[in-house]
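K.L.:
Pasted the sequence and its predicted model underneath.
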Amino acid sequence: MITVNNVNLAVDYCEELEPYLDKFSRYAIRDNKLQSCSPFREDRNPSFAVNLDNGTWIDSGATGEFHKGHFITLLSFLREESAEDTCDYLHNVYSPLLQDVSDLHLDLSYLEKPKTDELKVFTAEELQKFAFRHSYLEQRGISEEVQQLFRVGYDPVRKAVALCWTNQSGEIVNIKFRSINTKQFWYADGQRIKNHVYGYSIFQKAPSDVLAIVESEIDCLRLWTEGIASVALGSAHLSQPQTKILFNSGVSEIVVATDNDGAGERCAKQIEETFVGTFNISRFNFNDSNAKDVSDLTTSEIVLGFESRKVISLCNAIKI
């Protein structure tokens, strides 16, 4: 049992961790504990443990906020989203109130006053301190042209690339920072990214009949570098606002290019089930590669994977 926003939720910790087990190198489950190398940092020897009874975790080789913590901290890291979005996810899945009424959802948003932080748009002055460049993304195969197109920046103080999320009008509504030295990431105090689609404003300026959907911003940038129109969800989950945006994309085909792991497979199936009958749907072909995602592939492998994509379903509806 875990308390989220004053509600007790009977979270199945094993089930929630299962899609991400590949992130727990050398893991083993003993009694009520999952032990592994740390998912938060480079770690050669198992020094990390999760209590599967209550979700608490400890990383004996780390300090500060990544030394020990609550299950929400761990799950939000694995899902690559804010803790607030992870809390929403857990409520949607485990809330006894929703289960008692067959997951009925009443939309009372018209009664709510908009919060100031939900309307946050970053100014040029606020972005100025990130107006730097680091070789990190270039080393990962992302061109300078694409970095400029997506207004990628760099925080020299915290040593992290700054990935700007925009709304459909192209205004910057949040910034995701990714450390160049560790696996850690964090967000600025902006709008919730689940309400937006990374790269969609760029796609609107250069529309294509075929659109690839990936999880991470870096995967999106990598595909654009290879001339493939792409957008990113920001996590291994398609939200309702993102679904609405993509329904209006006007494309003929969606190429599912989520991560090559358990969480990516679950996300891929969600995308396919959501858009079946609306678009032609195909899967990016990793061609038996062990690469975690498209960013780990070479240019020739990306081109081959895209060109040899596997058809999942065809849409026979007549578009007017």
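P.N.:
Thanks, I have it. Numbers count the residues shown, from 1 in each chain.
K.L.:
how about the nearest residue to Gly305 once chain neighbours are set aside, secondary structure?
P.N.:
Nearest in space to Gly305, with sequence neighbours left out and distances taken as Cβ to Cβ, 6 or more residues apart in numbering, is Asn285 at 4.7 Å. Quick note: C-beta positions are derived from backbone N, CA and C, even for glycine. Secondary structure, DSSP: H, G, I helix; E, B strand; the rest coil: Asn285 is coil.
K.L.:
Tell me where the model's unsure across the chain.
P.N.:
For the chain, residues meeting the criterion pLDDT under 70 lie at 1, 96-118, 316-320.
K.L.:
Mind splitting it into its structural domains?
P.N.:
Following automatic domain parsing, one gets these domains for the chain: 2-100, 124-312.
K.L.:
Look up how far Thr3 lies from Leu246.
P.N.:
Distance check for Leu246 against Thr3: by Cβ to Cβ, to the nearest Å, it reads 34 Å.
K.L.:
More neighbours: which of these two?
P.N.:
Taking other Cβ atoms under 10 Å, Leu246 and Thr3 do not tie; Leu246 has more neighbours (22 against 9).
K.L.:
Just confirm the more buried one is within a helix.
P.N.:
Yes. Per three-state DSSP, Leu246 lies within a helix segment.
K.L.:
For it, give its distance to Ala263.
P.N.:
Separation of Leu246 from Ala263 (Cβ to Cβ) stands at 19 Å.
K.L.:
cool, and Gln148?
P.N.:
31 Å.
K.L.:
For those two, indicate the residue with more neighbours.
P.N.:
Ala263 (22 against 10).
K.L.:
For that one, grab phi and psi.
P.N.:
Main-chain torsions, Ala263, degrees, to the nearest 10: phi -70, psi -40.
K.L.:
That one is in contact with Ala236, isn't it?
P.N.:
Yes. With contact defined as Cβ atoms under 8 Å, Ala263 reaches Ala236; the gap is 4.1 Å.
K.L.:
what's the neighbour count on the nearest residue to Val231 once chain neighbours are set aside?
P.N.:
Excluding the flanking residues, the one nearest Val231 by Cβ to Cβ, 6+ apart is Gly199, at 4.3 Å. A count of neighbours around Gly199, defined by other Cβ under 10 Å, yields 25.
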